[in-house]
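what's the 3D shape of this:
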Amino acid sequence: MAHLSTWFRCITIDIPGYGKSPKATPGLTTIDIAQACWEAIDEAFPGESAILTGCSTGSNLAPYMYHLRPDKTKALVLSGTGYNPGKEFVPGRIADYRERGLGFRWDYTFQDMSASFRTTPLAHYFANLFNERNDFGDVDSIVYQFEAMQTQTQNEDFHSSIKAPTIILTGSEDGSHQRAFVLQKRIPGCELRVLPGAGHACQIEQPWLFNRFMLEFFTKHGLMPKGPKPQLALL
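Model prediction:
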């Protein structure tokens with residue numbers, strides 16, 4: 001946020017169950033969440049376009065947001081993601097949250113990190129920071145969000161019809177790293193850059209490289225602003 005706000009008006013959006021976002025109800029869908037994210041952007045800057053930047057679940061949401069408003073999506077920046085239509089990890093996440101509640105977020109944070117990074121003081125700082133927000137969380141909403149991910153459907157051309165400039169930033173130690181290359185092939189013209197040694201949350205482990213790759217991508221596609229700051233929605 002501090003770096004990118006030099007050029008962009010940045011909006012960070014908490015999906016249901018995290019931060020101060022509204023609680024979810026049973027039957028929540030991925031489209032519901034994607035629409036709510038656009039509503040958050042509209043509330044801040046009505047009618048304006050945005051670059052959609054997401055990590056993990058945010059990267060899952062961004063293409064759905066694109067399909068809701070392709071004319072308002074200037075680009076997609078995806079990280080911590082890959083092509084995984086089966087979402088085999090979801091039942092385990094749901095079971096962990098149901099059994100352990102929001103306390104599971106501590107262990108979950110370290111699972112998103114590479115083996116070398118998770119032993120550092122900075123990794124523990126982030127884990128503490130995330131867990132300090134548990135009072136604002138809602139475990140049922142988190143479960144509904146995972147259930148929505150598990151039941152979401154995609155048309156055959158869901159990825160191939162994306163026309164906005166797209167880049168995938170993937171950590172070499174991320175469990176979804178190899179699937180990132182599969183996703184790249186499904187999106188026309190999609191670019192991909194690797195952050196060597198980084199895990200799932202590569203933007204946290206190597207922000208200097210993550211931001212450099214992102215800004216190079218923006219420059220290449222003429223997205224660096226020359227006038228009023230555009231919107232960059234971080235999911």
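
For stretch 18-38, buried residues please.
18, 21, 24, 28-34, 36-38 (16 or more other Cβ atoms under 10 Å). Where C-beta positions appear, they are placed from N, C-alpha and C, glycine not excepted.

Can you tell me what sits against it?
Stretch 18-38 is touched from outside by 13-17, 60-61, 64-65, 68-69, 72, 133, 136-138, 140-142, 144-145, 147-149, 151-152, 233, 235, with contacts defined as Cβ atoms under 8 Å, 6 or more residues apart in numbering.

circling back: which one of the buried residues of stretch 18-38 is nearest K185?
The closest of the buried residues of stretch 18-38 to K185 turns out to be T30 (Cβ to Cβ; 22.3 Å).

What about the closest residue to that closest one other than its chain neighbours, how many residues nearby?
Spatial nearest neighbour of T30, excluding adjacent residues (Cβ to Cβ, 6 or more residues apart in numbering): Q152 at 4.2 Å. The number of residues packed near Q152 is 18, by other Cβ atoms under 10 Å.

With D174 as the reference, measure out to Q152.
Separation of Q152 from D174 (Cβ to Cβ, to the nearest Å): 21 Å.

hmm, which two among the buried residues of stretch 18-38 are most spread apart?
Farthest apart among these by Cβ to Cβ are Y18 and I31. That separation is 18.8 Å.

coming back round to it: among the contacts of stretch 18-38, the buried ones, what's the PyMOL command?
Selection of buried members from these for PyMOL, criterion 16+ other Cβ under 10 Å:
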select buried, resi 13+14+15+16+17+60+61+64+65+69+72+137+138+141+142+144+145+147+148+149+152+233+235
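
Any regions of the chain where pLDDT drops low?
Applying pLDDT under 70 to the chain flags the ranges 227-235.

For it, which segments count as helices?
Taking DSSP state H to define them, one finds helices in the chain at 30-44, 57-68, 90-100, 104-111, 121-131, 139-151, 177-186, 202-205, 207-220.

just those helices: most buried one?
Mean neighbour count (mean count of other Cβ atoms under 10 Å) peaks for helix 202-205 among those, with a mean of 24.

other SSEs contacting it?
Judged by 3 or more Cβ pairs under 8 Å, 6 or more residues apart in numbering; DSSP states H and E, the packing partners of helix 202-205 are strand 166-171.

hang on, the earlier thing: out of the helices of the chain, flag the one nearest A2.
Judged by Cβ to Cβ, the one of the helices of the chain that comes nearest to A2 is helix 207-220, at 9.8 Å.

Also compute the angle for the closest one relative to strand 166-171, please.
160 degrees (axes from the mean of the first three to the mean of the last three Cα atoms, to 10 degrees).
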